[in-house]
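>>> what's the 3D shape of this:
(one chain, ligands or ions: 1)
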Amino acid sequence: MSVNLTNPFVLIFLCGTAATFLINHFLEFIDFRSRVKNGGRIPDLLQKIPLAAETFDTEKLKNISAYEDAKYFKWCISSVLTTILDLALVIFGFYPFVFNFICGLTGFPSTIGNSFFSFLLFTFITFIPSFILALPFSLYDEFVLEKKFGFSNMTWKLWIIDTIKSMILGLILMSLLTFIAAVAFVKFATSWWFILAAILIAFTFIMQVVYPKFIAPLFNKFSPLEDGEAKEKIMSILDKVGFKNGGLFVMDASKRSGHSNAYFSGFGKTKRIVLYDTLLKSLTPDELAAVLGHELGHFKLHHITKRLFVMIPMEFLVTYLLYKMAHLTGLYNAFGFTNITHQNVASVQFIGIFLASLLWSAVSEIVSPLSNIFSRKQEYQADAFGAQACGTPDHLITGLIKLNSENLSELIPPKLYVFWNYSHPTLVERIEKLKSRNSFAGDSGDINTIRPFEMKNIPLILDVVVPMWSPPVEDMSFRRFYVEHIVRNNFFENDLNFELIENGSFCTSAFFARKTDICKADEWYALESRKYPENLLTSTKIGKAYIELMDKKVRAYMNDDDIQLTLYVSRKKGCGSKLLNELCDRLRNQGWKNLYLWTDCECDWQWYTKHGYELLSEDVYKPFSSEDEDYMTYIFRKKL
Ligand SMILES: [Zn+2]
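Numbers count the residues shown, from 1 in each chain. I've put the predicted structure just below:
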């Protein structure tokens, strides 16, 4: 025995390893138990969705449990052996043995050259035992387990090529990083932590560009999406969201595995969305567009960039801690590196970092739920974004059901297991959230639904506004025509027109427009205006001129990522502010920056000042003003 089992560092390592082992086995066991108990059951929510009830039949449920169980049994054996190996390597002094062996070959590290060589050799040799132990398990996974459940299309030839490629790649990257580290240790003995952190951060950013362009193509073929309905649907989503200069690729994942997925990577000009070819086979064009909408959500909501920027201060903190630990001779001595003293510790900081990371991997399980909490939050956000981009959550819901079914993912995992291990919420949680997001509670507390506006509901808007807005003429048909003209001049053919359905009936509508949207009311007007005499039509022209002038004024304030509220009509008093707030939330999530609107003295314009809108201008509109009263117009802005 070459380690001191009562040393605090060794105790942290031993207790951390034991705790990690126990936590994982406990979690996997309760997950297994829950499959035994609930594996044959469809959650109530899914029962109510016809596609889900049909998809998750008895056979599918059995298959899911069998797949998850098979993975569990394999994991149990591999985890016991891995833990025994990890402990044995430390307790029997494998690491100092390797280090002494290398020192015998190259001498004690001192120059950049022999530091680089001995560190690289150390990394390589210490990697061998766990590699050998993991090998049969990964072969079993690929060629037995995954094949049994119909996922793996792997061939021996492909497996050998993959392994060789990734080993060469690993060796190149490892050599590069070890060389940088060797230079940093020798040249910057006291400031290397800062330099190393900066280099690692730069490396992460460079990899965002290098990985999709040069590394991923070594393993897979990336081809553009073929023309067809799927491409059309996808392109319209890309357009809607404003995904410019990015690539959309189909990856030939099926040559290895039948598992399906989609992911978003990179930033700036290298950003790209990758769809597995397996996905294209199983989803309808609408569902594909919805899944893509989800991935676009990650991009539009800056999820990758945010993660990278959270990483920056962390990286400095971690390298600083490593630097501090690498100077503790007690750390080396605890693990059996007996000849390390204050005099020579600076030359072997690499070993110190290795030991610190050994400690870290023993205790890191305890913080692993943290990053999962953030990840699940972002997944919900991306789901909401995808549903909005499609105008309905339905396609995303059916898409997720199919993906879940094909990947044989568990339907009812225990809550604690999900909290600890899941980077994505469960299928049921995601559907629940998608359904509830599409409805919200109005002022009265009823459950209301927001959906894209349907043109057939224009008469319902007219019922509300004709009494308020129409000119005092006898001809009821003309009055409706006059008001419909106003409504249509505020309607832009885009995906930003909403209606609120309350208890099944139409209640409120809100229309929005981008700065560049064009109104197409003229065609309708040309057709409908023929029914009325010229003297009546004059009033419609005056109304249109007024709207156009005001819209122009508003748009002069707007940028491309601002949005204008062009019409807001409610059949019922009271749903106002809550609906508008809910819509503002959604627009903010879509990336819009400011909301603009204009109104005039005939409306309740003070409402906006009372509700946090900023008054930008207050003008007299001459044509509507009389001698003793000015007709006032107002332009408002709200930051979203
Ligand atoms: Zn996602």
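>>> and residue 473, which of the three is it?
Following DSSP: H, G, I helix; E, B strand; the rest coil, we place residue 473 in the coil state.
>>> over to residue 591?
Counting by three-state DSSP, the backbone at residue 591 sits in coil.
>>> again, but for residue 263
Classification of residue 263 using three-state DSSP returns strand.
>>> so what's it closest to, chain neighbours aside?
Using CB to CB, 6 or more residues apart in numbering and skipping residues adjacent in sequence, the residue nearest residue 263 is residue 274, 5.5 Å away. Every residue, glycine included, has its C-beta placed from N, CA and C.
>>> and stretch 336-353, which residues are buried?
Using 16 or more other CB atoms under 10 Å as the test for burial, stretch 336-353 gives 336-337, 340, 345-353.
>>> show me how far the top helix by length along the chain is from its chain's centre.
Longest helix in the chain by number of residues (criterion: DSSP state H): helix 58-91. Offset of helix 58-91 from its chain centre (CA atoms, centre = their mean, to the nearest Å): 29 Å.
>>> list the buried residues in that helix.
Those would be 60-61, 63-65, 67-68, 70-71, 78-79, 82-83, 85-87, 89-91, for helix 58-91 by 16+ other CB under 10 Å.
>>> before we move on, back to that, which ones among the buried residues of stretch 336-353 are found in helices?
349-353.
>>> can you narrow the residues you listed to ones near the ion?
With the criterion set as CB under 5 Å from the ion, no member of those is near the ion.
>>> what helix or strand is residue 598 located in?
Residue 598 is located in strand 594-600, with elements delineated by DSSP states H and E.
>>> return the residues of the protein in contact with the ion.
Contact residues, the chain versus the ion (CB under 5 Å from the ion): 379, 382.
>>> pop the domain breakdown of the chain in here.
If you go by automatic domain parsing, the domain ranges for the chain are 8-361+374-436, 438-639.
>>> check these for me: which has the lowest mean pLDDT.
With a mean of 85, domain 438-639 has the lowest mean pLDDT of the domains of the chain.
>>> off-centre distance for it?
Distance, centroid of domain 438-639 to centroid of chain: 34 Å (CA atoms, centre = their mean).
>>> if we can go back for a sec, give me the next element, helix or strand, following the longest helix of the chain.
With DSSP H and E, the next secondary element past helix 58-91 is helix 94-106.
>>> what's the angle from that following helix to helix 58-91?
With axes from the mean of the first three to the mean of the last three CA atoms, to 10 degrees defining the directions, helix 94-106 sits at 60 degrees from helix 58-91.
>>> and helix 94-106, what's buried?
Neighbour counts using 16+ other CB under 10 Å place 94-96, 98-99, 102-103, 106 of helix 94-106 among the buried residues.
>>> list the helices and strands that helix packs on?
helix 112-140, helix 349-363 (3 or more CB pairs under 8 Å, 6 or more residues apart in numbering; DSSP states H and E).
>>> the same query, at a cut-off of 10 Å, please.
helix 58-91, helix 112-140, helix 329-334, helix 349-363 (3 or more CB pairs under 10 Å, 6 or more residues apart in numbering; DSSP states H and E).
>>> contacts for the third one, please.
When you say that, I think you mean helix 329-334. For helix 329-334, the surrounding residues in contact (CB atoms under 10 Å, 6 or more residues apart in numbering) are 3-13, 90, 96, 99, 325-326, 328, 337-345, 348, 351-352, 355-356, 358-359.
>>> try 8 Å this time
3-4, 7-10, 325, 340-342, 345, 348, 351-352, 355-356 (CB atoms under 8 Å, 6 or more residues apart in numbering).
>>> same question, stretch 383-400
49, 51, 237, 240-241, 283-284, 286-297, 300-301, 427, 430-431, 433-435, 437-438, 451-452, 495, 586, 589-590.
>>> span of that stretch from start to end?
Terminal residues of stretch 383-400 lie 10 Å apart, using CA to CA, to the nearest Å.
>>> got the angle for the longest strand along the chain vs strand 594-600?
Assignment by DSSP state E gives strand 505-514 as the longest strand of the chain. Interaxial angle of strand 505-514 relative to strand 594-600 (the same axes, to 10 degrees): 110 degrees.
>>> pull out the buried positions in strand 505-514.
Using 16+ other CB under 10 Å as the test for burial, strand 505-514 gives 506-514.
>>> same deal with stretch 223-237?
Buried residues in stretch 223-237, counted by 16+ other CB under 10 Å: 225, 230-231, 233-235, 237.
>>> got JSON lines for those residues, with secondary structure too?
Output for those, formatted as JSON lines (three-state DSSP):
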{"residue": "225", "secondary structure": "coil"}
{"residue": "230", "secondary structure": "helix"}
{"residue": "231", "secondary structure": "helix"}
{"residue": "233", "secondary structure": "helix"}
{"residue": "234", "secondary structure": "helix"}
{"residue": "235", "secondary structure": "helix"}
{"residue": "237", "secondary structure": "helix"}
